[in-house]
Structures are given as C-alpha cells and as structure tokens.
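Enquirer: A predicted structure for the sequence below; I have some questions about it.
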Amino acid sequence: MSLDNVLSGFNVSGSGMAAERARLDVIAGNIANATVNSDSPQGPYRRRRVVFQTLLDREALGAQRSAVDGVKVLRIEKDFDNPLIEVEENGRTVYYPNVNVAMEMTHMITALRTYEANALASQTLKNMAQRALRS
Amino acid sequence: MNIDIGKLALPQATSSTPAAAPLAPADKSKRSFAELLKDLTSEVDAYQKNAQDMVEGLATGEVENVHDVVMALDKAELSFRMMADVRNRLIEAYREVTRMGV
C-alpha cells in the first residue's frame, strides 16, 4: 500500500520498542532467579542475555527509497563468560548464579531509556507529518 | 509544475540510477484522480480497521506489546488526517473555482 511507505518509520520505532521490551523481560528473569543456588555447578541459574540484530528492509533497498532498518531479537543466550559464584557453607561448596543485581539494574535503566527514545522517535515522526499537513 | 519527490529526498540514489525514479510515477499517472482518492480512502479504512482489531486484541489479551496498539492508532490517525487534508484542499479548490467571476 502506498501509505505504508509514509508510515514505515513507525515500524522501525516499533521494532526498537519490542526489542527493548524483550530485553526487559530477560532482565526481569535474571533478577527473579538471582538467588537460585545449587550444590553442583550445573544446578544454579545462569544469567540470560539478549542478542539483537539489525533488520534490513530488503524491499526498500530494492526500491531505492531510504532503506529503514528495524531491530529484532536474534536469540536469548546463556551467559557463560561470567563464572558462577562459589560460596563455602558449612564445609561444602554452594554455587550461586552469575547474576549481578546492580548490573541488571543498570541494564534496566538502559532498556527503559532506549524504549523512551524509540517512543519519542515515533512521536516525533507523527508531529513532523502533522506539521507538514498544517502548512 | 512537476516536482520529482524522489530527487528531493534521495539525491545520491537518483544520481546513481537516474532511470529508476521516473518510472514509478509514470505508471501511476494513467489512473484518474478519483481512482487514487478511492484507493486512498480504502487504505485509510484498512488502517482504521487494523487499529480497531489491535484495540480488541489488547482487550482480549491477544496483543502482548502495548506499543503495537499505540502505533496502530497513530497510523490510523495520521492516515486519516492525510486523507481529510487532501479532501479539504480539494473542496477548497472547488469553492475557489465556483467563486470565480466570469
């Protein structure tokens, strides 16, 4: 449809907001499971992280108009880079998740601000179009 | 007056492939303005219906992202305003003609 081209910017902002929402879900999961401990190294919860990928608008590239790229969640992976926390309790080793709650809070702020920025971008697009109509 | 929107928006793209830009408008110019307006109206209607579906989806729990609903509403509003603006200017032009002294 012809109006789709005019309104395609909304899809980009929408994909960004969806991505940040997915990121917040993962962060929430990490915080919820931050104290799931175990006796064995395989037992405790491992921190999840979300991997994003740029979503290319192939159709737009072919049509030579400004190709707008959205973002999509490529995968949600387990974090094996950060080691589990080992704690000695009553002479035996207990493993705690590699979740740093302070770090998750920081990521949460990032997710919120990025979501806000995406919302602002779509709002601005709407304002711009309305300003053009008023002229 | 013929303004090529493609050239204004994308100077670097049109300079590399000058033949690509004028092709698309030339094909569409064969259709009458009434047809175009009709198409635009049905398109706007589709956006309105989509927004309606999204609001219903939100109420029934089918939609998981709130911003998708807001986006659909924004699109519906914006497309309707565009259509209304085209209509208003058309009517204005018609009135201008009827007021014209002979």
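Expert: Noted; the coordinates are in hand.
Enquirer: setting aside sequence neighbours, what's the nearest residue to residue 74?
Expert: Here I'm looking at chain A. residue A:53 (4.0 Å; Cβ to Cβ, 6 or more residues apart in numbering or on different chains). C-beta coordinates here come from the backbone N, C-alpha and C atoms, glycine included.
Enquirer: wrong one, I was asking about chain B
Expert: residue A:126 (5.4 Å).
Enquirer: how many other residues sit next to the one you found?
Expert: Residue A:126 has 20 neighbouring residues, counting by other Cβ atoms under 10 Å in any protein chain shown.
Enquirer: what comes up buried for the strand or helix carrying it?
Expert: In this assignment (DSSP states H and E), residue A:126 forms part of helix A:101-134. For helix A:101-134, a neighbour-count test (16 or more other Cβ atoms under 10 Å in any protein chain shown) marks A:104, A:107-108, A:111, A:114-115, A:118-119, A:121-122, A:125-126, A:129 as buried.
Enquirer: over to stretch A:34-43?
Expert: A:34, A:37.
Enquirer: where does the chain dip in pLDDT?
Expert: In the absence of a named chain, chain A is used. Scanning chain A for pLDDT under 70 picks out A:1, A:57-68.
Enquirer: actually it's chain B I care about, not the one you picked
Expert: In chain B (pLDDT under 70), the answer is B:1-29.
Enquirer: now do the helices in chain A.
Expert: A:2-6, A:8-32, A:58-62, A:101-134 (DSSP state H).
Enquirer: and the second one with helix A:101-134, angle?
Expert: Spelled out, that is helix A:8-32. Following axes from the mean of the first three to the mean of the last three Cα atoms, to 10 degrees, one obtains 160 degrees for the angle between helix A:8-32 and helix A:101-134.
Enquirer: wait, isn't residue A:99 in contact with residue A:49?
Expert: No: contact between residue A:99 and residue A:49 fails when scored by Cβ atoms under 8 Å: they sit 10.7 Å apart.
Enquirer: who has more neighbours, these two?
Expert: residue A:99 (25 against 17).
Enquirer: dump the residue contacts of the nearest residue to the more buried one once chain neighbours are set aside.
Expert: Among residues not flanking residue A:99 along the chain, residue A:34 sits closest, at 4.4 Å (Cβ to Cβ, 6+ apart). With contact set as Cβ atoms under 8 Å, 6 or more residues apart in numbering or on different chains, residue A:34 has these partners: A:45, A:97, A:99, A:101, A:104.
Enquirer: what is the nearest of the residues you listed to chain B?
Expert: In terms of Cβ to the nearest Cβ, no member of those lies closer to chain B than residue A:104, at 21.7 Å.
Enquirer: look up how far residue A:28 lies from that closest one.
Expert: 9 Å (Cβ to Cβ, to the nearest Å).
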